[in-house]
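Engineer: Here is a sequence with its predicted model. Questions after.
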Amino acid sequence: METRVESRPAEVPLSENGVSDALPGHPDFDFVREKAGIREFRLRSNGLQTLLLSNDVAPVATFAVVYRVGSRNEAVGHTGATHLLEHLMFKGTPEFDREKGTAIAAVLEALGARFNATTWFDRTNYYETVPSDSIETAVRIEASRMRGALLRDSDRVPEMTVVRNEYERGENSPFQVLYKDTFATAFREHPYHHPTIGWRTDIESVSTHRLKEFYDVFYHPNNATAILIGDFEEREALATVARHFGLIPASARPIPPVYTVEPPQEGERRFVVRRTAQIAWLALSWRTVEARHPDTAALAVLGNILGVGLTARLHLALVEESLALSVTVVPWQLRDPALFSIFAPVRPGVLPGDVEARIRREVARVVSEGITEEEAQKARTQIEAEVIFDRDSTDQVAASLSQAIAVADWDWYADYPDLVASVTAADVRRVAASYFRDDGLTTGLYLPKEPPAA
Amino acid sequence: MTGPVPGAAKASVFPRRRASFEESVRRRTLGNGARLFVLENRFNPTVAVSGSMNGGSLFAPPDRRLLASVTAGELAKGTSRSTKLEIAEELESRGASLSFSAGGGDPVGVDIAAASLSRDVEVLLDVLAEVLLSPRFPEEELEKERKRLVGVLREQQDETSVRAFEAAYRRIYPPGHPFYRRPVEERIAAVESVSRDELVRFYEERYGAGTLLLVLVGDVDSGKMLDGLERRLGSWRLGPAAEIPKPDPVPAAPGSESIRMPDKASADVVLAQPSDLARLDPEYVACILANSALGQSSLTSRLGVRVRDTEGLTYGIHSGFAATHLAGPFSVSLTVKPESRDAAVAATLEEIVRFRREGMTPKELADEQSSHVGRFKVDLASNGGIAHAIDAAVYYGLGVSYLDEYPSLVGAVTREEADAAFAKRVDPDRFTIVSAGSFDA
C-alpha cells in the first residue's frame, strides 16, 4: 500500500560498455543499467526483466516475481481473478503438486522460508525469503508456476470458500469496508472501482475456465520482473534464473493495456454504511495523481506532516483533542491517478460530524497558511529514515521494489529519495491547494446502527 | 547514506566464517544489575534496541492488572525535563522510534523497543534513559489516555476474535489468575478510575535496573555503547528482585459458549485449555515442533491442510502454546463463515484426536526440524530480528549462546519425545470452545 524506497549509495563507476567492472554478469542476459546498487538484466530468450541487489546482512536471500497484473486488469464477472489465481498458484504445477505431497507451501515451509504472495491493484507479488543455500529451490518454484499452474477445478472449488472467508474477514473490519467503498465511490469507470479481493458473487461464481483464460493472458516472462536480494554470487544467481526461466517463451500476443481513464470528479460524493457497531469511523479521500506524477513526492511529505507520529497535525488535532482514537493518512501511490485518504475511528460520545469538520479545517489550514520549513524537514527525514530501515531486511526491500515496479518502474524506487529530498514547504502547500478541493472529495461514514455507548 | 557499496565486496565470494553470537556479542552487567548487550552489525546505518524488565501485569493487584500496561504506555508522556510532545519531537524529527509496552501474552515483562539511524543513536539512548529514569506521569496526559483507552476497549468489542479469546480465557481461568480476562465493563471502570498515584507507585515499586535488560544491534561501536549506557543507567535504583511468583496450576473446564454479534460476515472460533508448558520447560522445543506439525501454518500444518486446504472452511487456522515465564493456555483459533462453524470445529477436533493418537510421521518431524532451523536463520536477518532474539534468550535465562545452540537443540528432538510431550499436555476432550459471530441460534 505504502511505497517505500531505497537509500542512495554511491553509483558504481561503469566501464565503456555500461557493465560495472566489479561484477561479472552472465552470457544469457543483457546488462541494462545499474542504480542505487540495483543491477538490471534482461534474459535474452524471453525478455524477463531481472533485478539483483546484493545485501550481505545475513546468509539469506529474498527471491520475488512481480507480475504486472492486479485487480486493475479485471472487469465485472471476474473481479478478484488475480487474487484467486494467487491462491490457486500455490496448489499445483507438474513439479510441485499438493496431490503428490510436494505442495509449494510444504517445500518452502520445510526450508524455513518466509513466503507468501500478495495481490494489489496494479500487481501480484510472489516471494520467498530463504537461507541463501536454497535460492535455487525458490527460483524453480517461481519458474514452475509462471506457466505451469495446473488450475484444476478440484483446486478451485475448496479454495473459493477459503477466499470467500478472506473476503468475509475483510467485511468485519470498518477500515476495510470504508476503503473499499471509498474506491468504489470515487472511481466509477476506472477499474480501481472494484476491490482486489473481488465482489462476493464474482468470487463465488467465476469459472475455472475463465481463470485459466486470465492466466494465459497475463502470466508470461515479458509481463514479469524477477528480483533477487541478499546473499548470493551474481553470475551463479543469473545462471540459476536462466536455467529455470530461460525456456519459457514470451507471450505470443502483446499484454493488453488498460485504457479506461477516470474522468474528473465534478462534485463531492458521500456514502454511509450502517452496521451494528460500537464505534463510528470516517474516511475523507481526495482525487490525486499517478505515482509517476511530479507531485507524488510532495503528497508523500504532506502525508507525513498530517499523519505520522504524535506531533503530526491531524494527531494533534484529533487524538490529542480526544476527538478520535487514532488517525491514519494514506497518500495512495498507484499506477493510475489515485487518492489521498484520511481515516479515523471516532471516540465514543463524539459526533462524527465534529471529527469531519476538524479534519476539513486542518486540511484547509495547510492550503491557506502552508507549512513550516521545520515540518517539511522532519517529514523528509522520516521518509529518508524509512528508506534506510528498509535495507535492514531483504524482504522489505523486495516488497518496496515490487510496489515501485507495479506503479512506475524500479528506477522510481531508486530515484524516490531524491524526489522526496527536493520537496519544499512551498511544494507541499501547492499540492494541498491543487488536490484538497471539495469537488474531488469522497467522504465515507461508517455509523453504528444504534447510538454508540458513550 | 552509507549503504553497502554494490559490487565492491562481492567480486569474489568465499564462504564467510560467521562468528558465533556467544563470541561476538559484547556484554556488561552494571553494579545495579542492569544487563547490557551490544552486537556490531555494520551492513546498514541503523540500530535496533530490544529490551525487557519485570514490570508486567503479574505484579499488579488482580483487580488492577491494567496498571502495568498504562504505566508502560505513560512513561514517555512527560519527564522531569521534557513534555510528551518535546520527547516525541526529538524522536520523530529523526525518524526514530521508542516504545514501552506491557500486556499481550506475557504477564511478566515490559517490552522495550527502539530504533534509529545509527547517526542518531546518542539521542535515542538519551531519550530512552530519560523516559525510563524520570517519568512524571502528568495528570492531564493520563486523563487523555483514560478517554482514549475506554474508546479502544469499546472498539475491540466490535472484533469477533477479541470477543472469542476474552470469553475463552475468562472461562478457563479463575478470577485473580494472571490470564483471567475480566468483563469489559469492569475493565472500563478500572480505566476510568486509575489514578496518577497508582501509576507512580507501580513505577516506583516495579521498575528498576535489577531486572532491566537492553540489547543493541547495529552500526555502532560496542565499547562506546556499553560505556554510554553505563553512564546513563548506572545510577538507577536496583528495584525489585527478579522473583516471579507462579500461579497454581488450573484444571481444564471444558464447555462451550456462543457469542452472538450481528452484522459479522466472518465468525471467530477459539478452542482453549490451560497447559503447564512454560518457556523453560525441558520439553518446550519438543512441544513447539509437535504443535508446528499440527497447526502453526494455515497452509501446511495438519489443521490447515484439513480445514482450509481440503474442506475450504477457513481462511486461517492456527494452534499454539502461550509459553512464557508462566505456563499459558494451549489454543486453536480459526475464522469461518458463521454457517460453517460446527463443521469446522468437528474437523478441527477430529484432526487433533488423530494427531494425538498417531503422532507425527518421520517426514513431518524432519520437515519441522529443518523448517525451524531455517526460519531461525531467516528471522536473524535484520538488526531488529537479532536484537529481539538475544533479548528473548537472555530474558528467559537461556543465555546468548542459545542462539548458537538452537539448531542442535531442535535437531536432537525425537519423534517419541515430541509426541509424548504434546499428548501429555493437550486433551481434545478438555477444550473450552467459544465462538463469536452472527449465528442464527
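Structural biologist: Everything's here; your move. Residues are numbered from 1 along each chain as shown, chains lettered A, B, ... in the order given.
Engineer: now B:L98, what's its secondary structure?
Structural biologist: strand (DSSP: H, G, I helix; E, B strand; the rest coil).
Engineer: Bridged to it, which residues?
Structural biologist: Bridge pairing for B:L98 (DSSP bridges) gives the partners B:A114.
Engineer: Strands of the chain, residue ranges please.
Structural biologist: Picked chain A for this. With DSSP state E as the criterion, chain A has strands at A:29-35, A:38-43, A:49-54, A:60-67, A:114-119, A:124-131, A:224-230, A:269-275, A:281-287, A:328-331, A:339-345, A:441-448.
Engineer: Sorry, I should have been clearer: chain B.
Structural biologist: B:26-29, B:35-40, B:46-53, B:97-103, B:106-117, B:213-218, B:255-260, B:267-274, B:317-323, B:327-336, B:432-437.
Engineer: okay, now the closest residue to chain B within the stretch 1-150 of chain A: neighbour count?
Structural biologist: For the stretch 1-150 of chain A and chain B, the shortest gap (Cβ to the nearest Cβ) falls at A:G112, measuring 1.8 Å. To be clear about C-beta, it is placed using only N, CA and C from the backbone, and glycine gets the same treatment. Around A:G112 sit 24 other residues, with neighbours defined as other Cβ atoms under 10 Å in any protein chain shown.
Engineer: quick one, what contacts the closest residue in space to B:R375 that isn't next to it in sequence?
Structural biologist: Closest residue to B:R375 apart from its sequence neighbours, by Cβ to Cβ, 6 or more residues apart in numbering or on different chains: A:G112 at 3.8 Å. Taking Cβ atoms under 8 Å, 6 or more residues apart in numbering or on different chains, we find A:G112 in contact with A:V130, A:P131, B:S370, B:S371, B:H372, B:V373, B:G374, B:R375, B:F376, B:K377, B:V378.
Engineer: Need phi/psi at the residue of the stretch 1-150 of chain A closest to chain B.
Structural biologist: phi 80, psi 20 (degrees, to the nearest 10).
Engineer: Contact residues of the stretch 151-300 of chain B facing chain A?
Structural biologist: Selection of the stretch 151-300 of chain B residues close to chain A by Cβ under 8 Å from any Cβ of the partner chain yields B:151-152, B:154-155, B:157-160, B:261-266, B:297, B:299-300.
Engineer: Please enumerate the helices of the stretch 201-350 of chain A.
Structural biologist: A:208-218, A:234-245, A:296-307, A:313-314 (DSSP state H, counting those that start in this stretch).
Engineer: sorry, back to before: need the strands of chain B in a markdown table with distance to A:W410, can you?
Structural biologist: As requested, those are arranged in a markdown table below (distance: least, Cβ to Cβ, whole Å):
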| stretch | distance to A:W410 |
| --- | --- |
| strand B:26-29 | 39 |
| strand B:35-40 | 31 |
| strand B:46-53 | 23 |
| strand B:97-103 | 28 |
| strand B:106-117 | 24 |
| strand B:213-218 | 27 |
| strand B:255-260 | 48 |
| strand B:267-274 | 40 |
| strand B:317-323 | 35 |
| strand B:327-336 | 36 |
| strand B:432-437 | 43 |
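Engineer: among the residues of the stretch 151-300 of chain B next to chain A, which are in helices?
Structural biologist: Members of those lying in helices (criterion: DSSP state H): B:G151, B:V152, B:R154, B:E155, B:T160.
Engineer: Show me the domain layout of the chain.
Structural biologist: No chain was given, so I picked chain A. Annotated domains of chain A cover A:29-245, A:269-448 [automatic domain parsing].
Engineer: look at chain B instead
Structural biologist: B:21-233, B:255-437.
Engineer: Using JSON lines, lay out those domains together with mean pLDDT.
Structural biologist: What follows is the domains of chain B, written out as JSON lines (pLDDT from 0 to 100):
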{"stretch": "domain B:21-233", "mean pLDDT": "97"}
{"stretch": "domain B:255-437", "mean pLDDT": "96"}
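Engineer: now these as JSON lines including distance to A:I305 and mean neighbour count?
Structural biologist: As requested, the domains of chain B are exported to JSON lines (distance: least, Cβ to Cβ, whole Å; neighbours: other Cβ atoms under 10 Å in any protein chain shown):
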{"stretch": "domain B:21-233", "distance to A:I305": "11", "mean neighbour count": "20"}
{"stretch": "domain B:255-437", "distance to A:I305": "26", "mean neighbour count": "20"}
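Engineer: could those go into TSV alongside distance to A:V355?
Structural biologist: Converted to TSV, the domains of chain B look like this (distance: least, Cβ to Cβ, whole Å):
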stretch	distance to A:V355
domain B:21-233	12
domain B:255-437	22
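Engineer: closest one to A:A149 among those?
Structural biologist: Among the domains of chain B, domain B:255-437 comes nearest to A:A149, with 15.9 Å by Cβ to Cβ.
Engineer: ok now the closest one, how far from the chain's centre?
Structural biologist: In terms of Cα atoms, centre = their mean, to the nearest Å, the centre of domain B:255-437 is found 15 Å from the chain centre.
Engineer: One more: stretch A:271-285?
Structural biologist: Distance of stretch A:271-285 from its chain centroid, counting by Cα atoms, centre = their mean, is 25 Å.
Engineer: How about the contacts made by residue 268?
Structural biologist: Picked chain A for this. A:D438, A:D439, A:L441, A:T442, A:T443.
Engineer: could you do chain B instead?
Structural biologist: Counting by Cβ under 8 Å, 6+ apart, B:D268 touches B:T160, B:S161, B:R163, B:A164, B:F165, B:S333, B:L334, B:T335, B:S435, B:A436, B:G437.
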